[in-house]
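K.L.:
okay, predicted coordinates and the sequence, questions at the end:
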Amino acid sequence: MAEDDFQSDALSVSERLAAEALIVDVDGFEGPLDLLLTLSRTQKVDLRRISVLQLAEQYLDFIEKARHLRIELAADYLVMAAWLAFLKSRLLLPPEPGDEGPSGEEMAAHLAFQLERLAAMREAAARLMARDRKGRDFFARGAPETVTRKREIRYQASLIDLMQAYARIRTRDEFRPFVMDREAIMTMEQALERMRPLIGYAGEWTDLTAYLPEGWARDPARRRSAMAASFAASLELAKAGLIEIEQAETFAPIRIRKARQ
Amino acid sequence: MSDEMEPEEQGETLFDAPPMGEQERMVEAVLFAAAEPVSVAELAERMPHGSDPAEALAHLKKRYEGRGVRLVRVGDGWAMRTAPDLGFLMHKESVETRRLSRAAIETLAIIAYHQPVTRAEIEEIRGVSVSRGTIDLLIEMEWIRFGRRRMTPGRPVTFVVTQEFLDHFGLESARDLPGLKELRAAGLLESRPPPGAAAMPGPEAEAEEEATEGQSELFED
Amino acid sequence: MSDEMEPEEQGETLFDAPPMGEQERMVEAVLFAAAEPVSVAELAERMPHGSDPAEALAHLKKRYEGRGVRLVRVGDGWAMRTAPDLGFLMHKESVETRRLSRAAIETLAIIAYHQPVTRAEIEEIRGVSVSRGTIDLLIEMEWIRFGRRRMTPGRPVTFVVTQEFLDHFGLESARDLPGLKELRAAGLLESRPPPGAAAMPGPEAEAEEEATEGQSELFED
């Protein structure tokens, strides 16, 4: 880092040489803020009492020299230069009445804050890295014993599973829990699945029988099952606040409609 | 400490060897951090000149007596090891419940209903071969065990269910298992007979068979 | 309700918790065996029912005071580590730590002191864009991880330091970072927005962020 060059009392020649060294070393900077921080060291004052105006001039001078030496600077250095030129004008010229935006002093104070914060983080980083560190100053167990994971698997089977399994073998057939003919059975889940997408269209009172699947209303066994399942499903939907149910009187048709919010 | 030191050694070292307490700390730290057992020679090499790692080891060994870790000799090195009685702390146990596979539950059911039953018979009933793993699993679970050998050519082993099995399924005996009639009544079995199935002996029929056999006790535990 | 529970609970534990001396041995064994910090909760899980690992830890910490290895707190875990003054004995065990670039070190410090912190905030503080590689490296080293998303427009991710970070730098918690109090008192950990619209040119101000990201990579060694 070239900052040491700035610590020494500089004659104008050595100062210029140092500045040039700085420019040649521009790749060594972590961006314009880093460069500003380095330049600020030349003022040899506490960062809190830094002259931002002077710093801005130093920076602009640096950019000018770089340009003169035909050193290509990254865009963010030039953006910073433009901003500092603006800051400089704000600091030098008295604010015009009705001027909008922050004052030059506010902007300068923020820049000083940023520099101080960056310097503080640099120092904190150095202190952190200088701590006693694992693997260098202190050590973890060299021969850790791995914890063996003993996974016990418990198999579960109930008497019903056992009997079902036996029944399945003896019938040489896919076991069915109920010997009822499932073709005529509609479950509430099936009814729910069927009704859910349909209720969006049920703006007006509609007879529940309208929701029975096609063909199910003719066969009495199927109609009973489908009716019971659809009624149970509609109770579920009403409970969920999705529909309303009404029945004018005992044995009257049960009618449903979409709930009105 | 220093009066124990050989005068010759004192002359050699620029500094005195650290006090024994320090040496003990050093040995402790080195053995803790080392991946392999460390020999006395290596300790001496690592420690400041004039140290006496053997003595430090002796102190350290004493200090760790009865503790959760111990200083043990491994080959010609020394290492820290968990006290043997605390080995149980190095296991993490977890229990996972799984459903028995279809093959296992069917095999188990056949054994329960037909015991004592041979493997060939199980295969005949299931219509597929029974894998060794299935039988092993059921034995490992202590739900089945070897019964007596069948007095037929080849003297095949039979399988029977265990007390553990009865406990698990809440049965007094295997005879309490619902018969085909009850299964049918409970709707677990379709009334139509299996296609081309010859009548299978129920557990009752097998019970007689068991009584007639009284040979090898070898396979019973 | 609770007075009904108590006798039942007593009945549940078949054995009393082991004496504190035994519990201390157990904690000692578990921590010796582990290379990573172990939480009190995990200790409790592994020790017999009714144990009080927190108290056992307190006893153990005292026992190891001034020894070659020490009991240290790392975040919400506990670990045994060799005493830092004995590091010189451990040349063989010392691991060559990767030389970190200045960018990586500064980024790490900023995350540690300002956590949880967004990438934009890190860039604001450093005045340059943070390269993806820097963040990736720190994540790979397990020193930082993603924290919660910030509840601001864009819901940016934040970064926080890990337990491994604390372990590596010998910190009990992120509150023990060197100079943290002073930095906070000096207001240097506040996020202070730039005054007015004429914001300081930050890395966000640049049109081609991608291009500059690539560029800052050049500065890393």
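P.N.:
That came through fine.

K.L.:
mind jotting down where the strands sit in chain A?
P.N.:
Ranges of strands within chain A are A:148-156, A:206-207, A:243-247, A:254-258, based on DSSP state E.

K.L.:
and the gap between the spatially most central residue of chain B and chain A?
P.N.:
Centroid-nearest residue in chain B: B:Glu140, 10.6 Å away (criterion: CA atoms, centre = their mean). In this view, B:Glu140 and chain A are 10 Å apart by CB to the nearest CB, to the nearest Å. From N, CA and C alone the C-beta is placed, and that goes for glycine too.

K.L.:
where's that residue relative to A:Leu162, distance?
P.N.:
18 Å (CB to CB, to the nearest Å).

K.L.:
same question for A:Arg255.
P.N.:
Noted for A:Arg255: a distance of 48 Å to A:Leu162, by CB to CB.

K.L.:
the more surrounded of these two?
P.N.:
A:Leu162 (23 against 19; other CB atoms under 10 Å in any protein chain shown).

K.L.:
I'd say the more buried one and B:Ile105 touch.
P.N.:
Yes: using CB atoms under 8 Å as the test, A:Leu162 is close enough to B:Ile105 to be in contact (6.4 Å).

K.L.:
burial measure for A:Gln164, as a count.
P.N.:
A count of neighbours around A:Gln164, defined by other CB under 10 Å, yields 20.

K.L.:
next one, pLDDT for B:Ala17 please.
P.N.:
pLDDT, B:Ala17: 84.

K.L.:
that one reaches B:Pro48, doesn't it?
P.N.:
Yes: at 6.1 Å, B:Ala17 and B:Pro48 qualify as touching, with contact defined as CB under 8 Å.

K.L.:
which non-adjacent residue is nearest the closest residue to chain B within the stretch 151-261 of chain A?
P.N.:
Residue nearest to chain B within the stretch 151-261 of chain A (CB to the nearest CB): A:Tyr166, separated by 3.9 Å. The shortest distance from A:Tyr166 to any non-neighbouring residue, by CB to CB, 6 or more residues apart in numbering or on different chains, is to B:Ala109 (3.9 Å).

K.L.:
next up, the contacts around that neighbour.
P.N.:
Contacts for B:Ala109 (CB atoms under 8 Å, 6 or more residues apart in numbering or on different chains) come out as A:162-163, A:165-166, A:169.

K.L.:
which residues touch A:Glu98?
P.N.:
That one is not Glu; residue A:98 is Gly. By CB under 8 Å, 6+ apart, the contact list for A:Gly98 is empty.

K.L.:
now A:Ala233
P.N.:
Contact analysis of A:Ala233 by CB under 8 Å, 6+ apart lists A:188, A:191-192, A:194-195.

K.L.:
ok, of these, which one's closest to A:Ala240?
P.N.:
In terms of CB to CB, no member of the contacts of A:Ala233 lies closer to A:Ala240 than A:Leu192, at 9.9 Å.

K.L.:
next one, pLDDT for that closest one please.
P.N.:
Per-residue confidence (pLDDT) for A:Leu192: 85.

K.L.:
pretty sure it is touching A:Glu236, no?
P.N.:
Yes: if you go by CB under 8 Å, A:Leu192 and A:Glu236 touch, sitting 6.1 Å apart.

K.L.:
contact residues of chain B facing chain C?
P.N.:
By the rule CB under 8 Å from any CB of the partner chain, the part of chain B lying against chain C is B:24-30, B:32-35, B:46-47, B:66-69, B:80, B:82-83, B:86, B:89-90, B:92.

K.L.:
which of those are buried? Put it as a PyMOL command.
P.N.:
Buried residues among the residues of chain B next to chain C (16 or more other CB atoms under 10 Å in any protein chain shown), as a PyMOL selection:
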select buried, chain B and resi 24+25+26+27+28+29+30+32+33+34+46+47+67+68+69+80+82+83+86+89+90
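
K.L.:
in helices, which of the residues of chain B next to chain C fall?
P.N.:
In helices, judged by DSSP state H, the following of the residues of chain B next to chain C are found: B:24-30, B:32-33, B:46.

K.L.:
just curious, which of those residues is nearest to chain A?
P.N.:
For these, the nearest to chain A is B:Ala33 (3.8 Å; CB to the nearest CB).

K.L.:
grab the nearest non-local neighbour of that closest one.
P.N.:
B:Ala33's closest residue in space is A:Phe139 (CB to CB, 6+ apart), at 3.8 Å.

K.L.:
for that neighbour, give its distance to C:Asp167.
P.N.:
The gap separating A:Phe139 from C:Asp167 is 11 Å, by CB to CB.

K.L.:
now swap in A:Gly104 and tell me
P.N.:
48 Å.

K.L.:
neighbour-wise, which of those two wins?
P.N.:
Remark: of A:Gly104 and C:Asp167, C:Asp167 carries more neighbours, 25 against 21, as counted by other CB under 10 Å.

K.L.:
what about A:Val45, neighbour count?
P.N.:
Going by other CB under 10 Å, the residues that sit close to A:Val45 add up to 12.

K.L.:
quick one: low-confidence parts of chain B?
P.N.:
The model of chain B has pLDDT under 70 over residues B:1-15, B:93-94, B:180-181, B:184-221.

K.L.:
can you show me the helices along chain A?
P.N.:
Using DSSP H, the helices of chain A run over residues A:3-7, A:12-24, A:32-41, A:52-68, A:75-92, A:104-129, A:159-171, A:188-199, A:220-239.

K.L.:
okay, those, which one's buried deepest?
P.N.:
The highest average neighbour count among the helices of chain A, using mean count of other CB atoms under 10 Å in any protein chain shown, belongs to helix A:32-41 at a mean of 22.

K.L.:
show me what that helix is packed against.
P.N.:
helix A:3-7, helix A:52-68, helix A:75-92, helix A:104-129 (3 or more CB pairs under 8 Å, 6 or more residues apart in numbering or on different chains; DSSP states H and E).

K.L.:
can you show me the helices along chain B?
P.N.:
For chain B, the helices defined by DSSP H cover B:7-12, B:20-33, B:40-46, B:53-63, B:102-114, B:119-126, B:132-140, B:163-168, B:180-185, B:203-212.

K.L.:
quick one: closest of these to C:Leu180.
P.N.:
C:Leu180 sits nearest to helix B:20-33 of all the helices of chain B, at 29.3 Å, using CB to CB.

K.L.:
quick one: the closest one to helix C:20-33, angle?
P.N.:
Inter-element angle recorded for helix B:20-33 and helix C:20-33: 60 degrees (by axes from the mean of the first three to the mean of the last three CA atoms, to 10 degrees).
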